[in-house]
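Asks: predicted structure and sequence below. I'll ask about it afterward.
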Amino acid sequence: MAKRDYYEVLGVSRGANEAEIKSAYRKLAVRYHPDKNPGDHEAEEKFKEAAEAYSVLSDAEQRARYDRFGHAGVSSSAGAAGWGAQGFGGIEDILGDLFGFGDVFGGRASAGARRGAAQRGADLRYDLEMTLEEAAAGMTAQLRIPRLETCETCRGSGAAPGTQPEQCTQCGGSGQVRYQQGFFSVARTCGQCRGTGKIVRTPCETCRGAGRVEREKQMEVKIPAGVETGSRLRLAGEGEAGAQGGPSGDLYVVIHVREHETFERQGNNLYASMPVTFAQAALGAEVSVPTLGGQQNLKVPAGTQTGTVFRLKGHGMPALGGRGRGDLYVSVTVVTPTTLTREQRRLLEQLAEIEEKDLGDKGLLDKVRDIFG
């Protein structure tokens, strides 16, 4: 009997995308799975037919050949007799999601099932809090990291000195037990060795058979200038030790810069507010402005209004990696005094009288200069 068109089998158009093809196959797999249709030969054949169609259409290269040459273009890789790990593509993952299978049709084990192999250690995170000044200058931080390290007594084997872990007799060291379910060969995690493939008869007293022990590691970490909240530093291999001789994970240092009482940071620029007196704003003055590097003089021109912003170039935060430096923007606020001395009141009353009079040819600013000069 001639094979049906693969698109027809899955019930999708020839222009269907990957997600539509996968969704169509999942529906058919659930409907015709042999476990849900015991003894139904027709359902079993439809399940095989759908799996074959998906194995071709889910692979971009095979699908292109099929679209061009039909079944003849994929005859060597499709069909029940020729199915293998490569022919199934993502079928194992789909069926695993649907029915809890580990390794379908005797193909390769999934990453989660290969527990007997060396496993990479867990990554760790350390949150480091610092001041804005420390972030601007860079610093060397002293860290204390609790982590799992390889047991020195058994060197990670979990077995007492002079002994070795034995191969699990139930799974033969594979970490998985296989059995037939319909026409499937299904793999499950071995219950005796819990997927490790090994049995420790005499556990190490130091780590109690775990192969790893918890210790606190002290280390110095150089924090570069210019970091900001959310910056991450990766220290390769400084995470937890791997199991079964696997490599260590990484340590990620996450930066948190505390808020500053004077400066607000936006990128590499800093922003600050500076109060000036009425006389300084009206007559002009040279005032001292705080920066991360110390006090700097700033010339405030006569007639400066509240909200005027001055830029101090190069007095912001350094760019991470040493590529220049941001600026400091200072916003001026003219302060109105709430209490006055007798002399201040006398001078301001004199100014008020002048403002009410006809100033004639002389400007207000000149009058102010006469009073406060």
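Replies: That came through fine.

Asks: does Gln305 touch Thr333 like I think?
Replies: No: applying Cβ atoms under 8 Å as the test, Gln305 and Thr333 come out as separate, 10.1 Å apart. Every C-beta, even on glycine, is put in place using the N, C-alpha and C of the backbone.

Asks: quick one: which of the two has more around it?
Replies: Taking other Cβ atoms under 10 Å, Gln305 and Thr333 do not tie; Thr333 has more neighbours (13 against 8).

Asks: which residues does that one contact?
Replies: Ser273, Met274, Pro275, Val276, Thr306, Gly307 (Cβ atoms under 8 Å, 6 or more residues apart in numbering).

Asks: again, only this time at 7 Å
Replies: Applying Cβ atoms under 7 Å, 6 or more residues apart in numbering to Thr333 gives the contacts Ser273, Pro275, Thr306.

Asks: just the buried ones from the residues you listed?
Replies: Neighbour-count burial (16 or more other Cβ atoms under 10 Å) is assigned to none of those.

Asks: can you tell me the element Gln62 falls in?
Replies: Assigned by DSSP states H and E, Gln62 falls within helix 60-69.

Asks: and if you look at Gln344?
Replies: With DSSP H and E as the test, Gln344 turns up in helix 342-356.

Asks: buried ones in that helix?
Replies: Applying 16+ other Cβ under 10 Å to helix 342-356 flags Leu347, Leu351 as buried.

Asks: list the helices and strands it packs on?
Replies: In terms of contacts (3 or more Cβ pairs under 7 Å, 6 or more residues apart in numbering; DSSP states H and E), helix 342-356 is packed against helix 364-372.

Asks: try it again at 10 Å.
Replies: If you count contacts as 3 or more Cβ pairs under 10 Å, 6 or more residues apart in numbering; DSSP states H and E, helix 342-356 packs onto helix 278-283, helix 364-372.

Asks: can you list the contacts of Thr333 in CSV and add distance to Val257?
Replies: Converted to CSV, the contacts of Thr333 look like this (distance: Cβ to Cβ, whole Å):
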residue, distance to Val257
Ser273, 20
Pro275, 26
Thr306, 29
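
Asks: quick check: buried residues in the helix holding Gln62?
Replies: Gln62, Arg63, Arg65, Tyr66.

Asks: the closest residue to the third one other than its chain neighbours: neighbouring residues, count only.
Replies: It stands for Arg65. If the residues on either side of it in the chain are set aside, Arg65 comes closest to Gly73, at 3.7 Å by Cβ to Cβ, 6 or more residues apart in numbering. Neighbour count of Gly73, defined by other Cβ under 10 Å: 17.
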